[in-house]
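> Give the three-dimensional model of this entry:
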Amino acid sequence: AAGGQRGFLGCIRALRMNGVTLDLEERAKVTPGVKPGCQGHCTSYGVYCRNGGTCVEKYNGYACDCTATAYDGPFCTTEVGGFFEAGTLVKYNFLSEATAAVVAAAANRDARNMAPPPPSPQEVTLEREEVAFSFSTSSAPAVLMYVSSQTQDHLAVLLQRNGSLQVRYQLGGLREPFSIDVDQRNLANGQPHAFNMSRIDRSVTVQ
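Reported below is the predicted structural model:
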């Protein structure tokens, strides 16, 4: 210990300097009096991450990553998935408050036999999405997700006949739908797979 101070007795892990993670374990192997290994929170508490959730070390604790599961919540115990029979679907309506107000006003005017005003184009056009979900299936082809607006814009996530994953979209006045082959592997193999996509205008990122 420098300056006459008593030396540190304990465990240090996840040491970072200027954004770079320093490998204490390798340095400990060649430093007298320092032993490799430092158990973190996940060693003791990782068992609380249920249903396939992954324990992630934090500097002052841990967190359960439920991304690749059909569960949510602090410990991946809240069911948020569903089993779909062939030919079924679940529909969500993501109208903004402004668009909902226009639709409500239109319905009220319709009830009084008045012509409703047209919706504002910026309220009904697909400008951006951030989508993440996990899925497992043994059946292909299939439509995993379809997003549309009151214009001709649409976006679809598909499993093709060979089980490969494809994203198709028609956005911003394109003459023909555009497609992105995300993964050529057969994902209709009964195993869980994760899908993440973000889009701003015509810029699309898929993982």
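
> Look up how far residue 193 lies from the closest residue in space to residue 76 that isn't next to it in sequence.
Nearest residue to residue 76, sequence neighbours excluded (Cβ to Cβ, 6 or more residues apart in numbering): residue 53, at 3.2 Å. The C-beta positions use only the backbone N, C-alpha and C, and glycine is treated the same way. Remark: distance between residue 53 and residue 193 (Cβ to Cβ, to the nearest Å) = 16 Å.

> higher neighbour count, the two?
Between residue 53 and residue 193, counted using other Cβ atoms under 10 Å, residue 53 has the larger neighbour count: 23 against 18.

> State the pLDDT value of that one.
With respect to pLDDT, residue 53 scores 91.

> With residue 163 instead?
Reported pLDDT for residue 163: 92.

> before we move on, what SS does it have?
Reducing the assignment at residue 163 to three states with DSSP: H, G, I helix; E, B strand; the rest coil gives coil.

> Got the phi and psi for residue 204?
For residue 204, the backbone dihedrals are phi -120, psi 130 (criterion: degrees, to the nearest 10).

> quick one, what contacts it?
If you count contacts by Cβ atoms under 8 Å, 6 or more residues apart in numbering, residue 204 has them with 167, 169, 180, 197, 198.

> So which of these are in helices?
Counted as lying in helices by DSSP state H, out of the contacts of residue 204, is not a single one.

> That's all I had, so thanks and see you.
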